[in-house]
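S.K.: Any chance you can model this:
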Amino acid sequence: MQGTEPDSQNATTPPAGPSARITRRDFVPAMGSALAAITILPRHVLGGVGYQAPSDKLNIAAVGVGGVGASYVKGCESQNIVAFADVDHALAAKTFSLYPRARTYRDYRVMLEKEKHIDAVIVGTPDHSHAMIAMAAIQLGKAVYVAKPMTRTIAETRAITKAAREKRVATQMSVQSCASDAACSTAEWVQSGVVGQVREVHVWSDRPVWPQWLARPAKSASVPKSLDWDLWLGPAPYRPYHPIYHPFNFRGWVDFGTGALGDMALHSFHVIFTALKLARPTNVEACNTVVMLPALHGDSDKNWTRSRKAQFNETFPHSSIVTWDFPARDGLPPVRLNWYDGGLKPPRPQGMDAAEPWGDDGLMFVGDKGVLLSGFTGGPQLVTTAQKAAFTPPQKTLERTLGHYQEWIAAAKGGPPAKCNFEFASLIAETALLGVIAQRTGRYLTWDWENMRIPNDSAANDLLSSEYRSGWSL
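M.R.: Model prediction:
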């Protein structure tokens, strides 16, 4: 039977059957002094090697499971999946059906209030609501797993990172490749010195695969019966419903998403920061393309200029190049990091075989002795035949893990921090979000990370945080 809405049944009763969590509080009073007569055997004797007692499983709830959140839940399904909150029950129906014992809600706040036995919360909603949901879970002492890029603004990233640190909860951001052997190998190859001192890095993506550089729709549409539009908007400014925002295209709109950069950059930034021991950039600059859409304006230059400005304020550019500068550190030289999206990408490196494909996304380290390439999920490779012939892969020095989701589950049970925990994740997320601000302004920005200020641009400085709709606060 599919889980029901909290107003249909008592949603505070823990799930029955094998997925129920038996807590120490429940167990001890019931057994009393009878425990003394029991011979306690190791778990592997009772359940076989790898057996996990029900009492060792986390009770996990998830918010936003109709899109990417469904894959996050699947990655954690070795635990007890006990509750879901989603504003669109039609979109989430497939996930609901896969976990019939999990109770379902629309409002995550109601879920957190009623489901007292939750240990951990997965956040798979659009970017604009990440911080609110994560903060609510953190304040209750729950472990949190949050979709990249953590939050929509730098102020939100700092707020939930600080809260998680103070509450000492386990955290993870959804950069699955952080746990991959390919990512570790790429960092190890760079650190081995095979391409020499690296001063230049290029990352490119085929995103966006959603509409950008658009004006806001002139007409609204009927809200689907399955959707609570007001809850979907959450802290964002109110606007009428339109299918161009939900369920997928939110990423291109500045009120809801962080564009291609926020969506994809972190899948490679973690490798770059690890390999080159990067910390905070000192400045950032964006160069944006301008695409004229005749259907949206008249023929005169005046109308074209006015229309272009209005579109830019609503959505991200059609394509862009973003550049950050990082200072020298620990004997390593300064680094310039370049991002390309919307079909733009750097030129092929000299000496690369013409038969080698030059993909629509990738990562390139340029050193003073050569070039190293790596895909977002593929392993490292050298460019020239001579480099390949002379190189022996270095020893593996970076820790490999059991897997991205398994790291977080272990951390939530008291183990070591996950590799993309908020202390590290906030470093790469802030860098990406600073680039998002550069895209929105199209200007060169200096960055005072310690004081969270953009000293040379007051308008850009205002984009470091958000004003929330009445009734919402962080």
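
S.K.: give me phi/psi at Phe326?
M.R.: When quoted as degrees, to the nearest 10, the phi and psi of Phe326 stand at phi -120, psi 140.

S.K.: residues near it, how many?
M.R.: Residues within reach of Phe326, counting by other Cβ atoms under 10 Å, total 24. C-beta: built from backbone N, CA, C; applies to glycine.

S.K.: Tell me the predicted confidence for it.
M.R.: With respect to pLDDT, Phe326 has a value of 98.

S.K.: count of residues packed around the nearest residue to it once chain neighbours are set aside?
M.R.: Among residues not flanking Phe326 along the chain, Val335 sits closest, at 4.5 Å (Cβ to Cβ, 6 or more residues apart in numbering). A count of nearby residues for Val335, using other Cβ under 10 Å, gives 22.

S.K.: Could you do the one 10 residues further on as well?
M.R.: Residues near Lys345, counting by other Cβ under 10 Å, number 20.

S.K.: Quick check, pLDDT for the nearest residue to it once chain neighbours are set aside.
M.R.: The shortest distance from Lys345 to any non-neighbouring residue, by Cβ to Cβ, 6+ apart, is to Trp204 (3.9 Å). At Trp204, the pLDDT value in this model is 97.

S.K.: bridging residues for Trp204?
M.R.: Tyr340, Gly362 (DSSP bridges).

S.K.: buried sites along the one helix or strand Ala410 maps to?
M.R.: Using DSSP states H and E, Ala410 maps to helix 404-412. Within helix 404-412, the residues that qualify as buried are 404-412, counting by 16 or more other Cβ atoms under 10 Å.

S.K.: who does that helix touch, helix- and strand-wise?
M.R.: helix 69-75, strand 120-123, strand 143-146, strand 171-173 (3 or more Cβ pairs under 8 Å, 6 or more residues apart in numbering; DSSP states H and E).

S.K.: could you redo those as a markdown table and give each row distance to Ala438, mean pLDDT and mean neighbour count?
M.R.: Shown next, in a markdown table, are the helices and strands packed on helix 404-412 (distance: least, Cβ to Cβ, whole Å; pLDDT from 0 to 100; neighbours: other Cβ atoms under 10 Å):
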| stretch | distance to Ala438 | mean pLDDT | mean neighbour count |
| --- | --- | --- | --- |
| helix 69-75 | 29 | 98 | 20 |
| strand 120-123 | 26 | 98 | 27 |
| strand 143-146 | 23 | 98 | 28 |
| strand 171-173 | 21 | 98 | 29 |
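
S.K.: out of those, nearest to Leu427?
M.R.: strand 171-173 (10.7 Å; Cβ to Cβ).

S.K.: Tell me the strands beside that closest one, with direction?
M.R.: Take DSSP bridges as the rule and strand 171-173 pairs in its sheet with strand 143-146 (parallel).

S.K.: neighbouring contacts of the strand it pairs with?
M.R.: Contact with strand 143-146 is made by 58, 72, 76, 119-123, 130, 134, 137-138, 160, 164, 169-174, 405, 408, 411-412, as judged by Cβ atoms under 8 Å, 6 or more residues apart in numbering.

S.K.: how about a cut-off of 7 Å?
M.R.: Residues outside strand 143-146 that contact it (Cβ atoms under 7 Å, 6 or more residues apart in numbering): 72, 119-123, 130, 134, 137-138, 164, 169-174, 408, 412.

S.K.: Also stretch 424-432?
M.R.: Applying Cβ under 7 Å, 6+ apart, the contact partners of stretch 424-432 are 149-150, 154, 157-158, 161, 173, 261-262, 265-266, 269-270, 273, 281, 324.

S.K.: Could you identify which of these has the most neighbours?
M.R.: Most neighbours among these, by other Cβ under 10 Å: Met150, with 33 neighbours.

S.K.: what's the burial count for the residue nearest to that residue when sequence neighbours are not counted?
M.R.: The spatial neighbour of Met150 that comes closest, neighbours along the chain excluded (Cβ to Cβ, 6+ apart), is Ala429 at 4.3 Å. By other Cβ under 10 Å, 29 other residues sit near Ala429.

S.K.: Dump the C-alpha coordinates for the host helix or strand of Ala429 into CSV.
M.R.: Element membership for Ala429, per DSSP H and E: helix 422-441. As requested, the backbone C-alpha atoms of helix 422-441 are provided in CSV (Å, rounded to 0.1, in the frame of the first residue of the first chain):
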residue,chain,number,x,y,z
PHE,A,422,30.2,20.6,3.7
GLU,A,423,33.6,21.8,4.9
PHE,A,424,35.1,20.8,1.5
ALA,A,425,31.9,21.1,-0.5
SER,A,426,31.4,24.7,0.6
LEU,A,427,34.8,25.6,-0.8
ILE,A,428,34.1,24.4,-4.3
ALA,A,429,30.4,25.5,-4.2
GLU,A,430,31.3,29.0,-3.2
THR,A,431,33.8,29.2,-6.1
ALA,A,432,31.1,28.1,-8.5
LEU,A,433,28.5,30.5,-7.0
LEU,A,434,30.9,33.4,-7.3
GLY,A,435,31.2,32.5,-11.0
VAL,A,436,27.4,32.5,-11.2
ILE,A,437,27.4,36.1,-9.9
ALA,A,438,29.9,37.0,-12.5
GLN,A,439,27.7,35.5,-15.2
ARG,A,440,24.7,37.6,-13.9
THR,A,441,26.7,40.8,-14.0
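
S.K.: What is the subsequent helix or strand relative to it?
M.R.: Downstream of helix 422-441 (by DSSP H and E), the next one is strand 444-446.

S.K.: and the spatially most central residue of the chain, what pLDDT?
M.R.: Central residue of the chain (Cα atoms, centre = their mean): Lys148, 0.8 Å from the mean position. For Lys148, the model assigns a pLDDT of 97.

S.K.: do the one 5 residues further on as well
M.R.: As summarised for this prediction, Thr153 has a pLDDT of 98.

S.K.: Run a quick neighbour tally on it.
M.R.: The tally of other residues near Thr153 (other Cβ under 10 Å) stands at 22.

S.K.: what's the answer for Lys369, then?
M.R.: Neighbour number of Lys369 under other Cβ under 10 Å is 11.

S.K.: can I assume it is in contact with Val195?
M.R.: Yes - between Lys369 and Val195 there is a contact under Cβ atoms under 7 Å: 5.3 Å.

S.K.: Which one of the contacts of stretch 424-432 is nearest to Arg348?
M.R.: Ala265 (21.3 Å).

S.K.: Now do the contacts for that closest one.
M.R.: 203, 339, 432.

S.K.: And the second one, how far from Phe273?
M.R.: Remark: distance between Trp339 and Phe273 (Cβ to Cβ, to the nearest Å) = 14 Å.

S.K.: now swap in the first one and tell me
M.R.: Remark: distance between Val203 and Phe273 (Cβ to Cβ) = 12 Å.
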